[in-house]
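1. below are the sequence and a predicted model; questions follow.
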Amino acid sequence: MSDLRKAFWNTMCEIAEQDKDVILITGDLGYSFDSEYIKRFPKQYLNAGCIEQSMIGISAGMALGGKKPYVYSGSIFLIGRAFEQVRDDIAYNGLNVKLCGTGASGFLGFTHNWQGTENEEDLLKNLPIERYYPKDEEELKKALLSDNGAFIRI
């Protein structure tokens, strides 16, 4: 699987340029990839730090207020740590929040990767939320531009 992180940030710059309601929330990561986005769209960016459950609540509130939040964090934290908030705040309310989970491009350590047979699909498969597992930049862009809330593995 190719590493789509750079493509993610480039595509997010394109999307934010076209839509001022787009807000990108990160969980204290993205460094070395995010500098161009931050420079160009400082009012459309929030580094929330390591508060995954709160990031989901913040993004839900923004979506209810008419914004289009994209939440970018390690998949294990975004889905594993914040599952209840993803389920209750985003999925069951049908909110247009894009949950962009990293970690698909390689092993980042036992605390930062899914172990054994568990993964985000196991948690998300019974929720009313779209799921995308893009294999290239074209599939990634299509997922990021979808009209519904979604989980996108990067």
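-> That came through, no problem. Numbers count the residues shown, from 1 in each chain.
2. so which strand or helix has the residue nearest the centre of the chain?
-> The residue lying closest to the centre of the chain (C-alpha atoms, centre = their mean) is Cys100, at 2.0 Å. Assigning secondary structure by DSSP states H and E places Cys100 in strand 98-102.
3. what's the first helix or strand after that strand?
-> Counting by DSSP H and E, what follows strand 98-102 is helix 120-124.
4. what residues does that following helix touch?
-> 75-76, 78-80, 83, 86, 101, 114, 131, 151, 153 (C-beta atoms under 8 Å, 6 or more residues apart in numbering). Just so you know, the C-beta spots here come from the backbone N, C-alpha and C atoms, and that holds for glycine as well.
5. now that helix: buried residues?
-> 120, 123-124 (16 or more other C-beta atoms under 10 Å).
6. please apply the same query to stretch 126-141.
-> By neighbour count on 16+ other C-beta under 10 Å, the buried set for stretch 126-141 is 127, 129-130, 132, 134, 140-141.
7. mind listing residues that contact that stretch?
-> Contacts of stretch 126-141 (C-beta under 8 Å, 6+ apart): 1-2, 4, 7-8, 11, 86-87, 90-92, 94, 99, 104, 121, 124-125, 142-143, 146, 148-154.
8. end to end, how far does it reach?
-> Using C-alpha to C-alpha, to the nearest Å, one end of stretch 126-141 lies 25 Å from the other.
9. scan this structure for its longest strand.
-> strand 68-74 (DSSP state E).
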